[in-house]
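Chemist: Structure for this input, please:
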Amino acid sequence: MTVQRDAVGNWYACFSCIVEPTLLLPTDKVVGIDVGLTHFATLSDGSQINNPRFFHKDEQALAIVQRRLAKEAKGTPEYRHRKRVINHIHQRIANRRKDFAHKQARKLTNQYQLIAFEKLNITDMMDGNHRSINKSIGDVAWHQFVQFVTSKAEDAGRVVVLIDPRNTTKACSRCGEIVPKKLSVRVHVCPKCELVLDRDHNAALNILARGLAGLSTGSPAVAVEAPTFTHGE
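Modeler: Residues are numbered from 1 along each chain as shown. Next up is the predicted model:
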């Protein structure tokens, strides 16, 4: 057990213990998942998970408190109070984001035997982007979501695979033709086989195909990762 205090002043007793896996009955259902900003995630069956945009919802309230903080002298009771309010807003955003990710991860783990994601480098994706895009990427917290899915899948006897993300959006999921497209283009239109599909749905189908192919061939491009968590997660 460890005792921790957060930035808001709340105290937590965090217990670490060894538990037996809670294996679910096997299923033949598999899914590829393309994470994004327009939608939080698009599944290979065409269904989508809406982006809750937690930071965006509280951004105005946070800006107001930050302006008030800037007017206070450091070290004063008023400054410390404003600082605690800011920490509280950030904690509220983080808790809502974490709760959402846990619930979505549980739904996916209960339903699918194999779950395939892209192995994304979030740091590289944020490098050089506009500040507003970086905030949106940080708000969706894809890495945290994948970690939660991986942890629950491991406990349930499911499999999570991470595939090489190259050309998952450009490649046609039907014929494999590479179809370049700008970020603003939201529909995949293949000039070769004439497939017309939502670009994220097309990517999710490619992700699933690569995940299944990697497992069947033992390709080193497919990684099954063990989750890493801090106390209390």
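Chemist: Verify the contact between Lys83 and Ala70 for me.
Modeler: No - look at Lys83 against Ala70 with C-beta atoms under 8 Å: they stay out of range, at 11.3 Å. From N, CA and C alone the C-beta is placed, and that goes for glycine too.
Chemist: Neighbour count: these two, which is higher?
Modeler: Lys83 (16 against 9; other C-beta atoms under 10 Å).
Chemist: Can you give me every residue that contacts that one?
Modeler: Leu69 (C-beta atoms under 8 Å, 6 or more residues apart in numbering).
Chemist: which SS state does it fall under?
Modeler: Following DSSP: H, G, I helix; E, B strand; the rest coil, we place Lys83 in the helix state.
Chemist: how far away is it from Asp58?
Modeler: Distance, Lys83 to Asp58, using C-beta to C-beta, to the nearest Å: 16 Å.
Chemist: so where is this protein shaky, pLDDT-wise?
Modeler: 123-134, 136, 216-233 (pLDDT under 70).
Chemist: give me that answer again for 90
Modeler: 6-9, 19, 37-38, 54-61, 120-141, 183, 214-233 (pLDDT under 90).
Chemist: need the strands for it, in chain order.
Modeler: Applying DSSP state E to the chain gives strands spanning 2-5, 11-14, 30-35, 41-43, 48-49, 114-118, 159-163, 187-189, 196-198.
Chemist: And these: which comes nearest Gly214?
Modeler: Closest to Gly214 of the strands of the chain is strand 159-163 (C-beta to C-beta; 6.3 Å).
Chemist: Dump the C-alpha coordinates for the closest one into PDB.
Modeler: Listed next in PDB are the C-alpha coordinates belonging to strand 159-163 (Å, rounded to 0.1, in the frame of the first residue of the first chain):
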ATOM      1  CA  VAL A 159      -5.700 -10.300 -27.700                       C
ATOM      2  CA  VAL A 160      -4.600  -6.800 -28.600                       C
ATOM      3  CA  VAL A 161      -2.300  -6.300 -31.600                       C
ATOM      4  CA  LEU A 162      -0.600  -3.100 -32.600                       C
ATOM      5  CA  ILE A 163       0.200  -2.800 -36.300                       C
END
